Structures are given as structure tokens and as C-alpha cells.
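S.K.: sequence isn't available, so here's the structure alone:
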């Protein structure tokens, strides 16, 4: 299957970025970055060990294992040469570099051993850290990327609806997670973007607690956090569900989270600081005396990774860009009682943001 025009445009943007940085070559090793540039599903579970070498002179070489060779030859655009990595990575890189010039490498991903080997073979002064270069390109999504994220969101919404039905039936957290994951697959998802979270009652005060044996109790919170992948692109949605009338503390927390989310939505637009948007939600919670219960950032970018730039957090200096897809997920957590988190995905457009989910925010049944 030949690669479409969008990926060739990404490669051209990459080569322009190399030229702007004074680099002759780049070694791309982060799985999501390799997948973004080539279409080969490197960011699978577990990630595939593969590397892209590109140069401003036109070299485009994808190094893969023997196990992945046939698949890569089928999926990757003919403009990229696919080669089996038969030797050590440093040897293959040295062989591929036909001329002098600086090589950008992703130091955040490569092991210390590999970096030292490259420095010995190529001379240390030829290496430069290019971590974050491809991630910056990934931050602004193209139409085809947004469409895949929308499909992932649709599958996630349906999964949550089925999960709610299972909760009403009194199923356990683990069973509900299984129901949602199966439904997402039926809706076209390739798999989950992260471990599905279903936490009932007091355990919902732990934001990352995996689904276990807990079961819903009337009047207490149930936090669901689900993300799936479609065509490599992620979704990420959270809902707080209550069966029956919520307890007074919970009703107050839900309303505070919803109002904090509204303030953030009003502030969310291109060319503003991500930390400033976070502050809008946090200030509302501070007014209610609840700021200490909000123990994580307001949101994050979503794409080939479920957590990528920009970071919507108190100290973030990231500037939001049109075309980015981000979450807003204010939450409050009360040890021994439970938690509340409501999360949606937004596409940043000129003048504001479009919410990509139509699933109702408040689920009191």
C-alpha cells in the first residue's frame, strides 16, 4: 500500500527543519516519530525496534528487523528504502552516511550505549541532540489525522455507553473494562491507547487506578477513563458516573469540575499559553476552596501518543497552535471518599476550539 501525500509532506517538512538546524542527517528512533513519518506501525505494543535515517540530500532509509521486513515493504512509500537491520545500529548508521555533516539523534530515546557507539564511529562533534524536532512537527494535525482521532472518539463514546449499561447491571470494574474494550473493537478500534480505568467509590480518588474487583455503589462516584487507537491515533475521554442521587459532597465536586471545565473552554484558543488556560480552571477551584484537590495538569496533546505536546499544566510555557488536539480534564480527588474527572478532546481552530465528543458530560442515572 503506497503512502499518501500527507506523509511525503511530513518528510519534506522534516528535511526543511534539518536544514534550518544545520543538520545534514537525522536518525529517528522514537516509535511514534517513525510511524508519523513512514506509516509503519512502530508504536505498537510492544514498540517495534526500527529507525529512520533521512538526509537533506534525499536519503530516506528505514531500518527494520527481519520479522518486520515484509510488512514494512508493503506499507511504506516507495520513496523510503526499507532495509533489514542485520548488524548493530551504529554500524548501519555509519554505512548509511555517505558524506560529512552533522547527524541529529533523539537522545531522549536512544540508550547511552548506542550513543557512545555512534560517537566513537562518527566522532562526537558530528552528533547533535534532535529530541523534540519531530514532536514539534506532530503537534499540528493534518485533516487525515483529525479524522482518525474523530473515529477513535466515536468508538470510545460507544464503549462508554456500553460500560454504563454494564455498571447499571452491577458488573465489576474489570468486567466493565472488558465490555468497553470489546465494544471499541467492534466499532473499529485497533486496541486501547492505555490501560482502561474503571474505579468505583473511594478508589476513584486514585487517578490512575486500574480496573479491579470493585462494584458500583449507589450515590458514590465511578470514574471511567478510556482511550483507544484507530489507525495509530488515540482518543482519551473520562466521565464520572453516579447511580442514584449523588451524596452532597459529590454533587458539589461535580458542579465545580463542570464549571472549571467551562472556564477552560472559554480560554482555549490558538496563540495563548497552555499554562494560562490551566490557570483559568484552577482559579475557579481555588475560589471554591478545592484547588488542593486538583492534583494534575488540566490537559495534554493527543495524537499518535496519548500524551504529547502541548502540556496544559501550571508551569507549562507551551503556546497553543491551531490544528493541535488537546484534552481538558479537570478533576478533584478526596482520599477515602472518591474522585471526579470529566475529560473531552478539542481541536484548536482560529478563534477557539471545537469539542470532538458529543457524549453528555454529566451521567447521573
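M.R.: Good, I have the coordinates. Keep in mind the model is a prediction, meaning the values are calculated, not measured.

S.K.: for residue 106, what are its contacts?
M.R.: The contact partners of residue 106, taken as C-beta atoms under 8 Å, 6 or more residues apart in numbering, are 27-30, 33, 129-131, 134. For glycine as for every other residue, the C-beta is placed from the backbone atoms N, C-alpha and C.

S.K.: how does this structure divide into domains?
M.R.: Following automatic domain parsing, one finds the domains of the chain at 5-138, 143-364.

S.K.: which of the ones you listed is buried the deepest?
M.R.: Mean neighbour count (mean count of other C-beta atoms under 10 Å) peaks for domain 143-364 among the domains of the chain, with a mean of 20.

S.K.: quote the end-to-end distance of that domain.
M.R.: Start-to-end span of domain 143-364 (C-alpha to C-alpha, to the nearest Å) is 35 Å.

S.K.: now intersect the contacts of residue 106 with the strands, please.
M.R.: Taking DSSP state E as the definition of strands, the contacts of residue 106 contribute 27-28, 129.

S.K.: strands along the stretch 1-150 of the chain, start to end?
M.R.: 25-28, 51-55, 60-64, 81-84, 103-105, 127-129 (DSSP state E, counting those that start in this stretch).

S.K.: these into TSV, with extra columns for distance to residue 139 and mean pLDDT?
M.R.: Below are the strands of the stretch 1-150 of the chain laid out as TSV (distance: least, C-beta to C-beta, whole Å; pLDDT from 0 to 100):
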stretch	distance to residue 139	mean pLDDT
strand 25-28	16	97
strand 51-55	19	97
strand 60-64	22	97
strand 81-84	27	97
strand 103-105	18	96
strand 127-129	19	95
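
S.K.: so how far is residue 280 from residue 210?
M.R.: 31 Å (C-beta to C-beta, to the nearest Å).

S.K.: ok, which stretches of this protein are helices?
M.R.: Shown for the chain, the helices assigned by DSSP state H span residues 5-21, 31-38, 69-75, 89-96, 112-122, 133-138, 143-168, 173-186, 248-267, 274-287.

S.K.: those helices: which one's closest to residue 338?
M.R.: helix 248-267 (7.1 Å; C-beta to C-beta).

S.K.: so what secondary structure elements neighbour that closest one?
M.R.: strand 237-242, helix 274-287, strand 325-328, strand 331-334, strand 338-341 (3 or more C-beta pairs under 8 Å, 6 or more residues apart in numbering; DSSP states H and E).

S.K.: that older thread, closest one to residue 272 among the strands of the stretch 1-150 of the chain?
M.R.: strand 127-129 (28.6 Å).

S.K.: partners of the closest one, with directions?
M.R.: Neighbouring strands of strand 127-129 in its sheet, by DSSP bridges, are strand 103-105 (parallel).

S.K.: ok, residue 365 - contacts?
M.R.: 164, 168, 241-244.

S.K.: widest-spaced pair of the residues you listed?
M.R.: Farthest pair in the contacts of residue 365, by C-beta to C-beta: 164 and 244, 13.5 Å.

S.K.: show me what contacts the spatially most central residue of the chain?
M.R.: When C-alpha atoms, centre = their mean is applied to the chain, the residue found nearest the centroid is residue 306 (1.7 Å). By C-beta under 8 Å, 6+ apart, residue 306 lies in contact with 193-194, 227, 234, 236.

S.K.: and what of residue 256?
M.R.: 284-285, 288, 290, 332.

S.K.: then residue 204?
M.R.: 221-223, 240, 333, 338-340.

S.K.: closest one of the residues you listed to residue 183?
M.R.: Among the contacts of residue 204, and counting by C-beta to C-beta, the member closest to residue 183 is residue 222, at 17.1 Å.

S.K.: my guess is the closest one meets residue 242, correct?
M.R.: Yes: counting by C-beta atoms under 8 Å, residue 222 touches residue 242, with 7.1 Å between them.

S.K.: so what's residue 283 scoring on pLDDT?
M.R.: Here, the pLDDT recorded for residue 283 equals 98.

S.K.: that one against residue 259, yeah?
M.R.: No: at 11.0 Å, residue 283 and residue 259 do not qualify as touching, with contact defined as C-beta under 8 Å.
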